[in-house]
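Colleague: task: produce atomic coordinates for the following.
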Amino acid sequence: MILSFNSIKAQFSENNAIYYSDGLNFGNYFGVDLNLNYVYKEKYSFKIGYIYDMRKPKSRPDDYSSGLAKALLFGTENPHDLMETYQFALGKIYNLNENGTIRFNLSLGLGYTIIKEPENWQKIENASLIGENYTWDYKRQNTISLIINPKIEFPFTTVYGVTISPMVQINKDRTYFGIGVGQMIGILRKRKN
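Modeller: Numbers count the residues shown, from 1 in each chain. The predicted structure follows:
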């Protein structure tokens, strides 16, 4: 029974890879990218994930101030333009060296995107230095996005690697473009003899 379990485990890692990846995104928004990845026969990939991006609001008044209290908290509660995307993608993998330690993952997918942006800015008369000088409401809209996310992956070992990836996320309301850097942890590739 133990021998058959080891054989099944070896066969699984021969044809399959499953791993977690995350990264930081830098572009017209700043954010994080969290994913669960599956690779079949080192040729085809499938990814489900979550992307959270934010930026300084385009609608923010020029004289907006977060106040002393929020400035001391490093602006953690300041209003932001937010984009959250739940994504799934399919890809084709091209090994760029014989050892499989550099590969190109051409990934294309769809996402359900939630966009939240502050609007209806109302100036607070006689605002103190401690608090904000405006109130606002968030406008929320949902849309479907096309996600183009080719990655250069460096699975240095069979269980850990890093990635560099440009990304374009297009929908009817917004377009995100930028580059991400991240890591991969899990069963990344089969061992080369």
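Colleague: alpha carbons only for contacts and neighbour counts from here, please
Modeller: Noted.
Colleague: in the chain, what spans have low per-residue confidence?
Modeller: The model of the chain has pLDDT under 70 over residues 1-13, 67-77, 127-131, 191-193.
Colleague: where do the strands sit along it?
Modeller: All strands of the chain, identified by DSSP state E, fall at 16-27, 30-40, 44-55, 81-95, 103-123, 134-148, 151-154, 160-170, 175-187.
Colleague: from Arg55, how far out is Gly27?
Modeller: 10 Å (CA to CA, to the nearest Å).
Colleague: can I assume Phe177 is in contact with Asn149?
Modeller: No. Counting by CA atoms under 8 Å, Asn149 is not a contact partner of Phe177; they are 10.0 Å apart.
Colleague: tell me which of the two has more neighbours.
Modeller: A count of neighbours by other CA atoms under 10 Å puts Asn149 above the other of Phe177 and Asn149, at 22 against 17.
Colleague: state the distance from the more buried one to Trp136.
Modeller: For Asn149, the distance to Trp136 - CA to CA - is 34 Å.
Colleague: tell me the contacts of the residue most central in space within the chain?
Modeller: Closest residue to the average C-alpha location of the chain: Asp33 at 1.9 Å, with CA atoms, centre = their mean. Contact analysis of Asp33 by CA atoms under 8 Å, 6 or more residues apart in numbering lists 22-25, 49-52.
Colleague: ok, now with 6 Å
Modeller: 22-23, 50-51 (CA atoms under 6 Å, 6 or more residues apart in numbering).
Colleague: how near is it to Glu42?
Modeller: 22 Å.
Colleague: can you check Ala89 too?
Modeller: 16 Å.
Colleague: Ile152 is in contact with Val162, correct?
Modeller: No. Using CA atoms under 6 Å, Val162 makes no contact with Ile152, being 8.6 Å away.
Colleague: more neighbours, these two?
Modeller: Ile152 (21 against 18).
Colleague: give me the nearest residue to Val168, chain neighbours excluded.
Modeller: Phe177 (4.5 Å; CA to CA, 6 or more residues apart in numbering).
Colleague: likewise Tyr50?
Modeller: Tyr86 is the one closest to Tyr50 (CA to CA, 6+ apart), at 4.7 Å.
Colleague: I'd like to know how many residues surround that neighbour.
Modeller: Tyr86, neighbours per other CA under 10 Å, totals 18.
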